[in-house]
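*Asks:* Compute the structure for the input listed below.
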Amino acid sequence: MICAACGLVGLTGCATLRDRDDPTSVVRQKFAAFDRHDTPAIQNLYATEAVLRSPDYPELHGNAQIADTYQRLLKAVPDARDEVQSLDLCGDKVYAQFLLVGHWLGSADKPIRVPILSVYTVHGGHIVADTTYYDRKAL
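*Replies:* Prediction:
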C-alpha cells in the first residue's frame with residue numbers, strides 16, 4: 001500500500017533488490033540483531049552519522065548514541081523482541097510495522113506490547129535515518 005502511494009505522488013518507484021545492500025535486507029538484519037540483543041551488530045548496521053528520531057529522543061546523532069539507546073532498552077526489557085508485522089520498501093525507505101514485546105525488568109507481571117512504526121532510510125548497506133513512532137503511554 002505504501003509503495004502504491006509513492007507511485008501516485010510521483011516518488012521513486014518501488015524496487016526489489018537481492019543483494020546485501022538491499023534496504024529491506026538491512027532492516028531485517030537490524031531486527032534480527034535486536035532479537036539477539038546484539039548491540040554491536042545494531043551499531044554496525046547504522047551509518048556513523050545516522051540520525052534517530054522518536055518520541056523519547058527528538059534527535060540522536062551517530063551510531064554509537066543509537067546503539068547506546070538500544071542497550072538501555074534491552075536492560076530495561078531483558079526479554080525484549082520485535083514481532084515484525086510488515087516491511088514495505090519504497091525507494092531507499094523501508095516502512096516497518098512491528099510490536100515490541102517483553103516484560104519490564106524481566107518481571108512476569110509487567111508485560112509490554114507496544115505497536116511501533118519506523119521509517120528507515122538506507123544507503124550503501126547502512127541505516128542513515130530512523131524515524132520511529134509509538135505511543136509513549138503504551139510503555
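*Asks:* where do the helices sit along this protein?
*Replies:* Residue ranges of the helices in the chain, as given by DSSP state H, are 2-8, 23-36, 39-45, 63-76.
*Asks:* Compile these into JSON lines and extend it with columns for distance to G91, mean pLDDT and mean neighbour count.
*Replies:* C-beta: built from backbone N, CA, C; applies to glycine. Shown next, in JSON lines, are those (distance: least, Cβ to Cβ, whole Å; pLDDT from 0 to 100; neighbours: other Cβ atoms under 10 Å):
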{"stretch": "helix 2-8", "distance to G91": "7", "mean pLDDT": "42", "mean neighbour count": "13"}
{"stretch": "helix 23-36", "distance to G91": "8", "mean pLDDT": "98", "mean neighbour count": "18"}
{"stretch": "helix 39-45", "distance to G91": "19", "mean pLDDT": "98", "mean neighbour count": "19"}
{"stretch": "helix 63-76", "distance to G91": "22", "mean pLDDT": "97", "mean neighbour count": "16"}
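*Asks:* Dump those into TSV; add distance to V119 as well.
*Replies:* Formatted as TSV, the helices of the chain follow (distance: least, Cβ to Cβ, whole Å):
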stretch	distance to V119
helix 2-8	9
helix 23-36	10
helix 39-45	16
helix 63-76	15
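*Asks:* between those helices, which gets nearest to G124?
*Replies:* Among those, the nearest to G124 by Cβ to Cβ is helix 23-36 (9.5 Å).
*Asks:* Now do that closest one: which elements does it pack against?
*Replies:* Judged by 3 or more Cβ pairs under 8 Å, 6 or more residues apart in numbering; DSSP states H and E, helix 23-36 is in contact with helix 39-45, strand 81-90, strand 93-103, strand 111-123, strand 126-133.
*Asks:* Tell me which of the helices of the chain sits nearest to T121.
*Replies:* For the helices of the chain, the distance to T121 is smallest for helix 23-36, at 8.1 Å, taking Cβ to Cβ.
*Asks:* Show me how far that closest one is from its chain's centre.
*Replies:* Put simply, helix 23-36 sits 8 Å off its chain's centre (Cα atoms, centre = their mean, to the nearest Å).
*Asks:* Other residues contacting it?
*Replies:* Counting by Cβ atoms under 8 Å, 6 or more residues apart in numbering, helix 23-36 makes contact with 17, 19-20, 39, 41-42, 45, 70, 80-82, 84, 87, 89, 92-94, 96, 98, 120, 122, 125-127, all of which sit outside it.
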